[in-house]
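> what's the 3D shape of this:
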Amino acid sequence: MLAGMLELAILGFLADRPLHGYDLRRRVAALMGHVRPVADGTLYPAIKRMEAAGRVVRREEPGLAAAPRRVLHLTEEGRGELHRRLREPDELDISDENRWFVLLAFLRHLAEPRAQAEVLRRRLDFLQRPSSFFYEGDRPLAAEEFDDPFRRGLLTIARATSEAELAWLRRTLDAL
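Numbering: from 1, shown residues only. Next comes the predicted model:
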C-alpha cells in the first residue's frame, strides 16, 4: 500500500516542479509521513524503479555551492502515469483515507473538470454508504450505541470528519 501512495506522491510533486531528492523527501514526508515515516531506504529505491520505468529522469544542474545537484524531472511517460492514476484510482485509493488524501493532493493535475468530478463522485458514493468501525452482524454500530467513551469518541470524530468531507465534496462537485 505504501509503495503505491509513495509513487503517486513522487509523480505529483515532480509534476509541480523538478526537485532535488532531499526536497522531494521533505515534501513527501510532510504529505504522508504521518502514515509511515519516509526513509531514504524507501524513497530512493522507488525513485530508481520509476527511473527504470522511464517515468523520472535525473539531470545535473548547477548547485547553490560549487557542486552540481542531481535534480529529478518528470518525463512525459511519468506525466501520463500520473494522469492515469488520478483518472482511474483503484478502490483502495477511494476508500482508504490516507491514500485518498495523497490522491486529492494532486487531483488538480487532471485538467478536465469532468474527470476530476468523476473521482470526487466515487468518493462521495463511498462516504454515503452506511459503515462503521464496529458491526453487529452486518449492521454498522453508531456512536450512541456504546457506553465505552473511547469507541463513542472514535465514532463521533469519524462522523464529524465524514460530514465535513461530504459537505466539501458536494460544494466542489457543484462548482465543477
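> can you list the weak-confidence ranges in the chain?
1-2, 33-37, 40, 63-66 (pLDDT under 70).
> what segments of it are helices?
With DSSP state H as the criterion, the chain has helices at 2-16, 21-32, 40-52, 76-87, 91-95, 97-106, 113-128, 149-175.
> residues contacting Pro62?
Pro62 makes contacts with Pro68, Arg69, as judged by Cβ atoms under 8 Å, 6 or more residues apart in numbering. C-beta here means a position set from N, CA and C on the backbone, and glycine is covered the same way.
> kindly report the same for Ser132.
Applying Cβ under 8 Å, 6+ apart, we find Ser132 in contact with Pro140, Leu141, Ala142, Leu155.
> now, of those, which are buried?
Leu155 (16 or more other Cβ atoms under 10 Å).
> can you redo the contacts of Ser132 as CSV with distance to Arg25?
Formatted as CSV, these follow (distance: Cβ to Cβ, whole Å):
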residue, distance to Arg25
Pro140, 39
Leu141, 41
Ala142, 41
Leu155, 36
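> just the ones of the contacts of Ser132 in strands?
Pro140 (DSSP state E).
> of the contacts of Ser132, closest to Tyr22?
Checking the contacts of Ser132 against Tyr22 by Cβ to Cβ gives Leu155 as the nearest, at 40.7 Å.
> separation between the closest one and Leu169?
Plainly put, Leu155 is 20 Å away from Leu169 if you go by Cβ to Cβ, to the nearest Å.
> tell me how many other residues crowd the spatially closest residue to Leu14 that is not a sequence neighbour.
Leaving aside its sequence neighbours, Leu14 sits nearest to Leu74 (Cβ to Cβ, 6 or more residues apart in numbering; 3.9 Å). By the criterion of other Cβ atoms under 10 Å, Leu74 has 24 neighbours.
> show me what contacts Leu74?
Leu11, Leu14, Ala15, Pro18, Arg55, Val56, Leu82.
> close enough to count as contact, the third one and His109?
It stands for Ala15. Yes. Ala15 lies in contact with His109 (Cβ atoms under 8 Å); the separation is 5.2 Å.
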